[in-house]
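1. Pasting the sequence and the predicted model now:
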Amino acid sequence: MASPPLVVAYALAGRCDIDFETEPIGQGSDGKDVFLKDIWPTRQEVQSVTNTVIKPEMFKKNYSTILNGSEMW
């Protein structure tokens, strides 16, 4: 299985045997080759979004009752 962004990259490329390091996944509107590295977010970009969107309260709320259940549970 692949991560959802990689699934999209393979779909854009139109094949599964692509070498993302050396082969373009397509061409831009200007006709120039577009590589995965051109559209893949940097670690810093991912971290910025994560810090903005993910909050501890989300986990506290979602997991505060994780062990609650019926006797069968």
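-> Structure's in. What do you need? Numbers count the residues shown, from 1 in each chain.
2. just the CA coordinates of the helix-or-strand element of the chain with minimal mean pLDDT, formatted as PDB?
-> When the helices and strands of the chain are scored by mean pLDDT, DSSP states H and E, helix 56-63 comes last with a mean of 89. The C-alpha trace of helix 56-63 is given here as PDB (Å, rounded to 0.1, in the frame of the first residue of the first chain):
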ATOM      1  CA  PRO A  56      -3.700  18.300  21.900                       C
ATOM      2  CA  GLU A  57      -7.400  18.800  22.600                       C
ATOM      3  CA  MET A  58      -8.300  16.700  19.500                       C
ATOM      4  CA  PHE A  59      -6.600  13.700  21.000                       C
ATOM      5  CA  LYS A  60      -7.900  14.300  24.500                       C
ATOM      6  CA  LYS A  61     -11.500  14.500  23.200                       C
ATOM      7  CA  ASN A  62     -11.300  11.500  20.800                       C
ATOM      8  CA  TYR A  63      -9.400   9.200  23.200                       C
END
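3. from now on call the first residue 652
-> OK, 652 is where the count begins now, so the last one is helix 707-714.
4. From the contact counts, what lies against it?
-> Packed against helix 707-714 by the contact rule (3 or more CB pairs under 8 Å, 6 or more residues apart in numbering; DSSP states H and E) you find no helix or strand. Every C-beta, even on glycine, is put in place using the N, C-alpha and C of the backbone.
5. list the buried ones in it?
-> When burial is assessed from 16 or more other CB atoms under 10 Å, helix 707-714 yields no buried residues.
6. Run the chain-centre distance for that helix.
-> 22 Å (CA atoms, centre = their mean, to the nearest Å).
7. can you check stretch 705-719 too?
-> 23 Å.
8. now do the same end-to-end measure for it.
-> End-to-end span of stretch 705-719 (CA to CA, to the nearest Å): 24 Å.
9. Leaving out chain neighbours, which residue sits closest to F671?
-> Spatial nearest neighbour of F671, excluding adjacent residues (CB to CB, 6 or more residues apart in numbering): L687 at 4.2 Å.
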